[in-house]
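Trainee: Provided below for reference: sequence and predicted model.
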Amino acid sequence: MPTIRRPRALRPGDLVAVTAPSDRLEPGDEPLLARGVAILERMGFRVRVSPTVDTARSRWWAAGVPAEQAAELNALLRDPEVRAVVAHTGGQATIGYLDLIDLDAIRADPKPILGYSDISVLHMALYARTGLVGFHADIVTHGFGSDWYTLGDEARRSELVDLYTRVLTRAEAPGALPAGGTWETWRPGRAQGPLLGGLLNRLVHVQATPFALPAEGFDGAILFWEELQRPVTRIWYDLHTLRLSGVLDRIAGMVVGIPHEVTPWEDGGEEVGLREVVLDVLGERDIPVLAQVDFGHTSPNLPLPLGVRAEVDADNRTLSLLEPAVEAAGPAAPAEDR
């Protein structure tokens, strides 16, 4: 297993690159992109939008052919001025270029990569290969620029701006993550372990590739996941896939995000929902399950750094980061060199 690699803590004024590692920028989304960029600037960072974040740049459902997307990501990973990489949106393209990513560039200069949905593929694959702490966190266009406004208010935005800033800039344990809604105890208990997970169907997909995290990599982990636009029968199937691969026998706890358009199974008046499916697959495994936590496709996302030790307390309905997600930054460069 690779040694965990924490990115260097960001400093005020550091350059953050917004890129398109998966889907293109849809026509009409330019105002959302601008609003999302403004949120990053509100955190204290300079922002540069990469060339692939352009409505004119597309290939089928992606922002370019795999080689183009890998080339842009690799350029950002190699650029010493770029201190973080943030996905403008998700999609369904990242798996097409995993084998083209410059892993040595990550090992030489680990940087925060932020995003969720299809970006889960990058987080899990890069963690498995390099130990990089990836951040399952909001995307720019439809997260910072949309959900933070349509699904939250100014008080919640301010709370999240403060949280993201602390997680990215301070080499200290962030502590308890602030709940935006009511979290649910699906199975009681408390556990500590490294956070691992993402979008469930993407987790299952990447585990079927050479970029999979070996089963022993899940030992003692807190598995977090969310899902969208799936019937519970598909989620049951994917969870059983993780069971058969040995993952569920190794984890110490589970955290379930807020589902989006996840439909129950109904037959003859009987209805089976997500909670019933999760507990059915877990069976007699005595692990805490905390659900309806603020991450996923229908909520402003709490930042969840992969590989960082966390505590899930399903009894008191809390999720806490027990370690820093970043390493202390070195001395600031002179202004003329930045």
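Mentor: Received, thanks. Residues are numbered from 1 along each chain as shown.

Trainee: elements contacting the host helix or strand of V255?
Mentor: For V255, the host element (DSSP states H and E) is strand 253-257. The contact analysis (3 or more C-beta pairs under 8 Å, 6 or more residues apart in numbering; DSSP states H and E) places strand 253-257 against strand 190-199, strand 222-226, helix 274-282, strand 289-293, strand 309-313. Quick note: C-beta positions are derived from backbone N, CA and C, even for glycine.

Trainee: closest to A63 out of these?
Mentor: Proximity to A63, assessed across the helices and strands packed on strand 253-257 by C-beta to C-beta, is greatest for strand 190-199 (18.5 Å).

Trainee: Any stretches of this structure with poor pLDDT?
Mentor: 1, 330-338 (pLDDT under 70).

Trainee: Show me the domain layout of it.
Mentor: Domain ranges of the chain: 15-171, 175-321, per automatic domain parsing.

Trainee: for those domains, which one ends up most surrounded?
Mentor: Scoring those by mean neighbour count under mean count of other C-beta atoms under 10 Å gives domain 15-171 as the most buried, with a mean of 20.

Trainee: helix/strand/coil for A155?
Mentor: helix (DSSP: H, G, I helix; E, B strand; the rest coil).

Trainee: Name the residues that touch the strand holding V255?
Mentor: 186, 189-191, 193, 197, 222-227, 274, 278, 282, 287-296, 299, 312, 314, 319 (C-beta atoms under 8 Å, 6 or more residues apart in numbering).

Trainee: Adding distance to R6, write the domains of the chain out as JSON lines.
Mentor: Output for those, formatted as JSON lines (distance: least, C-beta to C-beta, whole Å):
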{"stretch": "domain 15-171", "distance to R6": "5"}
{"stretch": "domain 175-321", "distance to R6": "8"}
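
Trainee: wait, which of those domains is closest to P2?
Mentor: domain 15-171 (3.6 Å).

Trainee: Kindly check the end-to-end length of the closest one for me.
Mentor: 19 Å (C-alpha to C-alpha, to the nearest Å).

Trainee: That one: how far from the chain's middle?
Mentor: 10 Å (C-alpha atoms, centre = their mean, to the nearest Å).

Trainee: Next: stretch 181-199.
Mentor: 15 Å.

Trainee: C-alpha coordinates for that stretch, CSV please?
Mentor: Extracted in CSV, the C-alpha atoms of stretch 181-199 (Å, rounded to 0.1, in the frame of the first residue of the first chain):
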residue,chain,number,x,y,z
GLY,A,181,-29.7,19.0,7.7
THR,A,182,-30.7,16.1,10.0
TRP,A,183,-28.4,13.1,9.8
GLU,A,184,-29.8,9.7,10.5
THR,A,185,-28.6,6.7,12.5
TRP,A,186,-29.2,3.6,10.5
ARG,A,187,-27.0,1.4,12.7
PRO,A,188,-25.6,2.6,16.1
GLY,A,189,-22.0,2.7,17.1
ARG,A,190,-18.8,4.7,16.7
ALA,A,191,-15.7,4.0,14.7
GLN,A,192,-12.5,5.6,13.6
GLY,A,193,-10.5,5.0,10.4
PRO,A,194,-9.4,6.6,7.1
LEU,A,195,-12.1,7.9,4.8
LEU,A,196,-12.5,6.1,1.5
GLY,A,197,-15.3,6.3,-1.0
GLY,A,198,-17.2,8.4,-3.5
LEU,A,199,-20.0,7.9,-6.0
